[in-house]
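Visitor: Quick one: sequence plus predicted model below, questions after.
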Amino acid sequence: MSTVEAPKKERWSFQWKELYSEVITAGLCTGCAGCVISCPHDVIGYHHEPGAYRPFHLEEELGLDNCVHGEKGCTTCTRACPRFRGWEHEANEHLFDRDRTPEETAGIYDDILLTRASDDLVHRTGQDGGLVSAILLWALREGYIDAALTSYVEHDDVWKARPGVASTPEEILAGAGSRYTYSANTLALDEALERGFSKLALVGMSCQSSVPPVMWHRKAGKISKPIVFNLGLLCSKTFDDSIFEELFEAKYGLAKQDMAKMNIKGVFQIWMRDGSYHEINLKECHAWTREGCTHCPDFAAEHADISCGGIGKDNDWTLTIVRTDLGREIIRRMIEDGSIVARSADEDPAAVALMHKLAQKSRERWPSWADAEVRLGLPEKKKAGAAAG
Ligand SMILES: Cc1cc2nc3c(=O)[nH]c(=O)nc-3n(C[C@H](O)[C@H](O)[C@H](O)COP(=O)(O)OP(=O)(O)OC[C@H]3O[C@@H](n4cnc5c(N)ncnc54)[C@H](O)[C@@H]3O)c2cc1C
Ligand code: SF4
Ligand code: SF4
């Protein structure tokens, strides 16, 4: 009897050199900092600054585009990068044991709900329904996590988002709300580990929420173990910090320090401390789109346990996409014990339709020369002249 040998899997030999040429200089890098936190030799730096949000190599021995440790066999950074080669398919396989179908442009999910925190303070402090904060508070209390990698603001600049660790209810609420500039929350991992935390939730933009499953699938090592819960934020773009001075202040006289809240609902909404309200056309803001977002295909945080967004006819609910068993368990238990109020998203079909539309729109940004599977489900582009006649 003859036996057919399974094809041998290609050895994973890719290092900073490949990451640099195929992701960073190719324009696919989102600035998620997965490579930075994973590097066992600490040779990848990161500029968390306006106009930057990019990793760079700290050792120049082989030039900025190659790595001494990579040449000796280290491959951790490419194992952590959720834009390197077949990242989407691999994360899907890891989380769901299957790839997404063409219809699943918003990723694989189990259920969509509209939710809000039952606690009035949490609800009011949150950006939409306060769900993210409510989940973190609940998961901390119930022992699912001992801290969260999340985002804060600077003491002297309330709109400068920065990564940080939240391990108490006060810290969780201090970070609530949305800043529409970038915060690479993954970068808070070092601080969390230094402080002795070992069961972490990651709150991250879509790009960041693909980091843990990609790391797990590609066996990036012990650095991927402490993240046990993955909360994603729906996202079509972030803006460079210069938008405050160059557009909001220069053209509309809206000073950053006087802003009380902002949101994006078809327009950029800004509430000022003096009680005034302003709307700015999103088209005007496009020029300040952060570079790392320009090719991002993931609107719906497709690899999170639970993905959260603000789409919907009611402002103060969170659109909640439940994706994994863990996500399902947490939402079910929170509804049962009254921590959150939930209703079916069937009550707001326009919100779900918009979510799918925006998911498709983001996928269209993924270049056709990169991994073709990411564009699965997009309508075929008509060839010039094909429609004639
Ligand atoms: C930059 C950005 C773009 C977004 N774009 C969309 C969109 O296009 N469509 C949509 O439906 N929803 C979008 N959202 C999600 C939405 O604004 C809310 O975050 C989401 O609905 C959860 O609301 P909540 O009240 O449940 O969260 P909250 O309880 O207010 O918790 C929000 C959490 O997000 C964290 N956070 C805040 N700002 C940032 C940041 N810049 N980077 C990383 N983490 C941050 C906070 O620290 C907090 O943990 C975006 C969010 C952000 C931050
Ligand atoms: S996408 Fe993220 S992991 Fe990949 S190179 Fe950029 S910062 Fe690093
Ligand atoms: S659009 Fe959002 S998810 Fe995509 S790269 Fe930008 S910040 Fe990340």
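Guide: That came through, no problem. Ligands and ions are numbered 1, 2, ... in the order given.

Visitor: Name the residues linked to His57 by a beta bridge.
Guide: For His57, the beta-bridge assignment (DSSP bridges) gives partners Ile44.

Visitor: hey, C-alpha coordinates of the top helix by length along the chain in CSV?
Guide: Taking residue count as the measure and DSSP state H as the definition, the longest helix of the chain comes out as helix 349-363. This file holds the C-alpha atoms of helix 349-363, laid out as CSV (Å, rounded to 0.1, in the frame of the first residue of the first chain):
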residue,chain,number,x,y,z
PRO,A,349,-31.3,47.1,10.7
ALA,A,350,-29.9,50.3,9.2
ALA,A,351,-27.0,50.1,11.7
VAL,A,352,-26.2,46.6,10.7
ALA,A,353,-26.4,47.4,7.0
LEU,A,354,-24.1,50.4,7.6
MET,A,355,-21.6,48.2,9.4
HIS,A,356,-21.4,45.9,6.4
LYS,A,357,-21.1,48.8,4.0
LEU,A,358,-18.3,50.3,6.0
ALA,A,359,-16.6,46.9,6.3
GLN,A,360,-16.6,46.5,2.5
LYS,A,361,-15.4,50.1,2.0
SER,A,362,-12.4,49.5,4.3
ARG,A,363,-11.5,46.2,2.5
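
Visitor: and it, what does it pack onto?
Guide: Packing partners of helix 349-363 (3 or more Cβ pairs under 8 Å, 6 or more residues apart in numbering; DSSP states H and E): strand 111-117, strand 318-322. In this view, the C-beta of every residue, glycine as well, is placed from N, C-alpha and C.

Visitor: for those strands, which one sits closest to ligand 2?
Guide: strand 318-322 (22.3 Å; Cβ to the nearest ligand atom).

Visitor: pLDDT (mean, whole number) over that closest one?
Guide: Per-residue pLDDT values across strand 318-322 average out to 98.

Visitor: what about that strand, near ligand 1?
Guide: Yes. Under the criterion of Cβ under 6 Å from any ligand atom, strand 318-322 makes contact with ligand 1 via Thr318.

Visitor: Please state the offset of that strand from the chain centre?
Guide: Offset of strand 318-322 from its chain centre (Cα atoms, centre = their mean, to the nearest Å): 14 Å.

Visitor: Can you give the contact residues for that strand?
Guide: In this structure, residues lying in contact with strand 318-322 by Cβ atoms under 8 Å, 6 or more residues apart in numbering are 106-107, 109-116, 126, 128-132, 234, 300-301, 304, 306-312, 328, 331, 342, 345, 351, 355.

Visitor: Now the buried members of the residues you listed.
Guide: Neighbour counting over the contacts of strand 318-322 (16 or more other Cβ atoms under 10 Å) leaves 106-107, 109, 112-116, 126, 128-132, 234, 300-301, 304, 306-312, 331, 342, 345, 351, 355 as the buried ones.

Visitor: what's the closest non-adjacent residue to Arg85?
Guide: With sequence-adjacent residues excluded and distances taken as Cβ to Cβ, 6 or more residues apart in numbering, Arg85 is closest to Asp371, at 6.2 Å.

Visitor: Kindly apply the preceding question to Ile227 instead.
Guide: Distance criterion Cβ to Cβ, 6+ apart; nearest residue to Ile227, sequence neighbours excluded, is Pro212 at 4.7 Å.

Visitor: Determine the three-state secondary structure at that neighbour.
Guide: Per DSSP: H, G, I helix; E, B strand; the rest coil, the secondary structure class of Pro212 is helix.

Visitor: That one is in contact with Leu200, isn't it?
Guide: No. Here Pro212 does not reach Leu200: they are 9.6 Å apart, not a contact under Cβ atoms under 8 Å.

Visitor: Okay, now the unreliable bits of this structure?
Guide: The chain contains residues with pLDDT under 70 at 1-7, 381-389.

Visitor: and with 50 instead?
Guide: By pLDDT under 50, the low-scoring segments of the chain are 1-2, 386-389.

Visitor: Strands of that one, residue ranges please.
Guide: Assignment of strands within the chain using DSSP state E yields the ranges 44-47, 54-57, 111-117, 147-154, 157-166, 200-205, 227-233, 259-264, 267-272, 277-281, 306-309, 318-322, 340-344.

Visitor: For ligand 2, find the nearest of these.
Guide: Ranking the strands of the chain by proximity to ligand 2 (Cβ to the nearest ligand atom) places strand 54-57 first, at 4.6 Å.

Visitor: ok, residues contacting the closest one?
Guide: By Cβ under 8 Å, 6+ apart, the residues outside strand 54-57 that reach it are 16, 20, 24, 29, 31, 33, 35-36, 43-47, 64-65, 67, 292.

Visitor: Please go through those residues and note which also touch ligand 1.
Guide: Counting by Cβ under 6 Å from any ligand atom, no member of the contacts of strand 54-57 reaches ligand 1.

Visitor: for ligand 1, what are the nearby residues on the stretch 251-389 of the chain?
Guide: Counting by Cβ under 6 Å from any ligand atom, the positions of the stretch 251-389 of the chain adjacent to ligand 1 are Ile264, Cys308, Gly309, Gly310, Ile311, Thr318.

Visitor: Correct me if wrong: the third one contacts Met355.
Guide: Yes. Counting by Cβ under 8 Å, Gly309 touches Met355, with 6.9 Å between them.
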